[in-house]
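Colleague: Sequence first, then the predicted structure, then my questions.
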Amino acid sequence: MTLILIFLATVTGMELFAYAMHRWVMHGFGWFLHASHHRERTGPFEWNDLYAVIFALPSIQLIYGGVQAGWGDWATAMGAGIAAYGAIYFGFHDVIVHRRLAHRVVPRSAYFKRIVQAHRLHHAVESRKGAVSFGFLYAPPVERLKTELRASGQGQLREPATD
Ligand SMILES: [Zn+2]
Ligand SMILES: [Zn+2]
């Protein structure tokens, strides 16, 4: 039971961690790698993908520690939580929103539409500053994001496709 809670808390915590990283690191000093994600991709990979590798390291370390190095099951559960967040993020962000793999999924639920639209609004800004919506699995109401975006004055508010 405790292990499931550790796992779930880690998945949730990763959303907060990813928000902070995206807002203050990737759009901060780490922009040199993340900028590639705010431009049209020219090949199968982008420099921004290195962040996925970086975020996978603590997960690998924790699972190794839990399974091989006697750290305890909490470490395995936490490592698995980070990995699960990575998998969810890849599925929604890279596959559903950015279509890095071909698919025919049309987001229908209100929640699903909201996170997809919110992330498109994040991409309305191609510069380091002025972007909105840094989280992913939780997104504020789309109207609020649009207002924020207009207020920031940085984004060319390309209306996202309404599918
Ligand atoms: Zn960004
Ligand atoms: Zn994106």
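Modeller: Arrived safely. Ligands and ions are numbered 1, 2, ... in the order given.
Colleague: What degree of burial does the closest residue to residue 100 other than its chain neighbours show, as a neighbour count?
Modeller: Distance criterion Cβ to Cβ, 6 or more residues apart in numbering; nearest residue to residue 100, sequence neighbours excluded, is residue 94 at 4.7 Å. Just so you know, the C-beta spots here come from the backbone N, C-alpha and C atoms, and that holds for glycine as well. The burial metric for residue 94, expressed as a neighbour count using other Cβ atoms under 10 Å, is 14.
Colleague: The one 10 residues further on too?
Modeller: Residues contacting residue 104 under the criterion other Cβ under 10 Å number 4.
Colleague: And it, its phi and psi?
Modeller: phi -120, psi 20 (degrees, to the nearest 10).
Colleague: In contact with it, which residues?
Modeller: Under the criterion of Cβ atoms under 8 Å, 6 or more residues apart in numbering, the contact list for residue 104 is empty.
Colleague: domain assignment for the protein?
Modeller: With automatic domain parsing serving as the domain definition, the record reports that the chain contains domains spanning 2-97, 110-152.
Colleague: Redo those as a markdown table? Include distance to residue 104 and mean pLDDT.
Modeller: As requested, the domains of the chain are arranged in a markdown table below (distance: least, Cβ to Cβ, whole Å; pLDDT from 0 to 100):
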| stretch | distance to residue 104 | mean pLDDT |
| --- | --- | --- |
| domain 2-97 | 11 | 95 |
| domain 110-152 | 14 | 89 |
